[in-house]
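In: Just need the structure, nothing else, for what follows:
(chains A and B)
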Amino acid sequence: ILNVEQSPQSLHVQEGDSTNFTCSFPSSNFYALHWYRWETAKSPEALFVMTLNGDEKKKGQISATLNTKEGYSYLYIKGSQPEDSATYLCAFLIYNQGGKLIFGQGTELSVKP
Amino acid sequence: DSGVTQTPKHLITATGQRVTLRCSPRSGDLSVYWYQQSLDQGLQFLIHYYNGEERAKGNILERFSAQQFPDLHSELNLSSLELGDSALYFCASSVGAGSSTDTQYFGPGTRLTVL
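Out: Next up is the predicted model:
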């Protein structure tokens, strides 16, 4: 059974803090790693699609890195703002299985003003 | 707004009934994906269609079926509904057939409540 694990499960920080979370995935049959941001009462919003070992992607104050050999990805938020409060999901795309994404349980981030 | 539309937004029905959830992909997207989010569970992949053909299947129950029509919209049919089928059902779409660089864009979801 393929498992994608995210840690921590939840995180409470103060406005201005920088934070990071981890996504662990199987290192075999890797095709891509997706990051999503999911705000309450909305739908998951795509942040990054990462495919190559050593990939680094950035969108505003959010960045992500990828290590396919050891099976992990980090998501960093620099200078968190209250509007960054959301659940951050990672999802593993298996090679040769269509577009089947295996999602982790998410990291719930709460940023207090 | 991702450009993916889903109807209805909410659906309340009784056990044993049958419902149809509808999804229209973003303009130009050929793939449609269905996911289920149950209480205390992460997003679970159900099925993927590309240009009318089934491309991948997850742990979708036999009581559930889906199809993608020539105009690329998709329907997810859920029959003989049970209490445990209550969940948020998301549709997503992408340009390609699920390649490594394909981004999946999610719709607003349909919340199904089975009483």
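In: check contacts around the residue of chain A most remote from its centre.
Out: Among the C-alpha atoms of chain A, the one most distant from their mean position (C-alpha atoms, centre = their mean) is that of residue A:113, at 23.0 Å. The contact partners of residue A:113, by C-beta atoms under 8 Å, 6 or more residues apart in numbering or on different chains, come to A:15, A:82. In short, each C-beta sits where N, CA and C put it, glycine included.
In: Spell out whether stretch A:45-59 and chain B are in contact.
Out: Yes. Counting by C-beta under 8 Å from any C-beta of the partner chain, chain B has neighbours in stretch A:45-59: A:45, A:46, A:49, A:51.
In: how much space between the residue farthest from the centre of chain A and chain B?
Out: If you measure residue A:113 against chain B using C-beta to the nearest C-beta, to the nearest Å, the figure is 27 Å.
In: Residue A:45 - nearest residue in space that isn't next to it in sequence?
Out: Excluding the flanking residues, the one nearest residue A:45 by C-beta to C-beta, 6 or more residues apart in numbering or on different chains is residue A:37, at 4.9 Å.
In: Would you confirm that the one you found contacts residue A:44?
Out: Yes. Using C-beta atoms under 8 Å, residue A:37 is in contact with residue A:44, at 7.2 Å.
In: neighbour count winner among the two?
Out: Neighbour tally, residue A:37 and residue A:44, criterion other C-beta atoms under 10 Å in any protein chain shown: the higher count belongs to residue A:44, 29 against 19.
In: which regions of the chain sit below the pLDDT cut-off?
Out: Just so you know, I chose chain A. Low-confidence segments of chain A (pLDDT under 70): A:1.
In: show me where it has strands.
Out: A:5-7, A:10-14, A:19-24, A:30-38, A:45-50, A:56-59, A:62-67, A:72-77, A:86-94, A:101-103, A:107-112 (DSSP state E).
In: looking at those strands, which is closest to residue B:12?
Out: Proximity to residue B:12 (C-beta to C-beta) singles out strand A:30-38 among the strands of chain A, at 23.7 Å.
In: just checking, what packs against the closest one?
Out: Packed against strand A:30-38, as judged by 3 or more C-beta pairs under 8 Å, 6 or more residues apart in numbering or on different chains; DSSP states H and E, are the following elements: strand A:45-50, strand A:72-77, strand A:86-94.
In: related to what we said a few turns ago, tell me how far the residue nearest to residue A:45 lies from residue B:62.
Out: The gap separating residue A:37 from residue B:62 is 34 Å, by C-beta to C-beta, to the nearest Å.
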